[in-house]
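Novice: pasting a predicted model and its sequence here:
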Amino acid sequence: MRWFGTDDPVSLSDIKQSGATGVVTALHNIPHGELWPSDQIEKRKQIIEAAGLSWPVVESVNIHESIKTRSGNYKQHIENYKQTVRNLAQHNVRVVTYNFMPVNDWTRTSLNYTMPDGSKALYFNWFDLAVFDVYVLKRKNAADNYQKQVLDEAEKRFKKHSKEQLDELSHVVRFGIPGEKKSTVEEMRSALEVYDEIDHATLRENLKYFLQEVAPVAEEANIKLAIHPDDPPFDIFGLPRIVCNADDLNFILQAADNVSNGICFCTGSLGANAANNLPAMIKTVGKRLHFAHLRNTKRDAFGNFFEDNHLDGDTDMYAVMKEIVLLMNKTGVAIPVRPDHGHQMLDDLKKKTNPGYSAIGRLRGLAELRGLELGIARSILK
């Protein structure tokens, strides 16, 4: 399970009781691009191991914006990244997760979408995103990136929304990773302007440059790099998104053709793209699938989606898990897997929780996924 450190409302004791054997965490207090000191890594590891858990995966060592734009002090930030990888290897962390999403990390428009059973889920809605983009962020030429039907509905919603509703929407869209500094609307607008001259091809080349610099260091340190798909897996705010589909994954794997360069296979992110065939993508990625996030989404006709129960939604989780089990059996390598997100439910509805990371919803997801894995393994690997 993912753990956000000592300030996380879900304790290591809670995680231990869930059936998880390890945690995925990061030093969220260290700004993007800065070096992770060895002593801080060791301190975090000691806390985790004292609770009877392991720390096999970092999520995430985030990429500084200057690396994505290949500008400013990007070379120093890459050197910091290399040394951070070496430092993590010294403490037996074996997988480093990261993403290459420009400006905004994962993006939602609601953090408490009410499900039919009363639990709360994360939700992405194009109409609400357009309300924020056009009327709150006021990005230059923002309307050019939306269909007329979306713009018409966004205008209606904007006229009905109170200032408090617009402020809440703005907060949700800019929420990002728990524990990390939130950007203001003005800071976000300025950051977006840096990408005016950066298209998909340029961003791809910047990622390729990063991988060619860092992957050899990771290979030497016996560290596996795992890039997380863009979430959601399509362009937003006029920004290029380059980790969205099978073609993107193939480009990434070929950009630095060594075993350290691999994928964090997130079924929630990739599954929000109706064109993606997830079981087929797992076969293509093969032994370079270094880490998996298993969650499910349910789309509507407009491409809006909410995060469904782990075994429901549009993704065939049985087919996905079957391919992962077969892959592990073929390679003899255990792939770290975690339930990703989870509904806020039961007693957690009355508690303050990190969106998507309450205890009970993820416990339910983990239990379902463990049962599914065991059933598949017993039935096909006799």
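Specialist: Received, thanks.
Novice: please name the nearest non-neighbouring residue to residue 6.
Specialist: Distances taken as CB to CB, 6 or more residues apart in numbering place residue 47 nearest to residue 6, at 7.2 Å, with adjacent residues excluded. To be clear about C-beta, it is placed using only N, CA and C from the backbone, and glycine gets the same treatment.
Novice: which pLDDT value belongs to the closest residue to residue 255 other than its chain neighbours?
Specialist: Using CB to CB, 6+ apart and skipping the chain neighbours, the partner closest in space to residue 255 is residue 208 (4.0 Å). Note on residue 208: pLDDT of 98.
Novice: quick one: the residue nearest to residue 6 from residue 275, how far?
Specialist: Separation of residue 47 from residue 275 (CB to CB, to the nearest Å) stands at 42 Å.
Novice: between these two, who's got more neighbours?
Specialist: residue 47 (17 against 8; other CB atoms under 10 Å).
Novice: got a list of what the residue nearest to residue 255 touches?
Specialist: For residue 208, the contacting residues are 251, 255, 256, by CB atoms under 8 Å, 6 or more residues apart in numbering.
Novice: low-confidence ranges in the stretch 201-350 of the chain?
Specialist: In the predicted model, the stretch 201-350 of the chain carries no residue with pLDDT under 70.
Novice: re earlier: how near is the residue nearest to residue 6 to residue 13?
Specialist: Noted for residue 47: a distance of 12 Å to residue 13, by CB to CB.
Novice: just give me the neighbour total for residue 99.
Specialist: Neighbour count for residue 99, taken as other CB under 10 Å: 21.
Novice: state the distance from the residue lying closest to it once chain neighbours are set aside to residue 244.
Specialist: Closest residue to residue 99 apart from its sequence neighbours, by CB to CB, 6+ apart: residue 228 at 4.2 Å. Distance, residue 228 to residue 244, by CB to CB: 12 Å.
Novice: one more: residue 300?
Specialist: Per CB to CB, residue 300 is found 19 Å from residue 244.
Novice: all the strands of the stretch 101-250 of the chain, residue numbers only.
Specialist: 110-114, 120-124, 224-227 (DSSP state E, counting those that start in this stretch).
Novice: just those: most buried one?
Specialist: When you average the neighbours per residue for each of the strands of the stretch 101-250 of the chain (mean count of other CB atoms under 10 Å), strand 224-227 leads with a mean of 27.
Novice: each with direction, which strands does that one pair with?
Specialist: Applying DSSP bridges to the sheet, strand 224-227 is found paired with strand 95-98 (parallel), strand 261-266 (parallel).
Novice: what's the mean pLDDT across the shortest one?
Specialist: Read it as strand 95-98. In this model, strand 95-98 has an average pLDDT of 98.
Novice: contact partners of it?
Specialist: 24, 56-63, 85, 88, 218, 223-228, 264, 290-291, 336.
Novice: cheers, nothing more for now.
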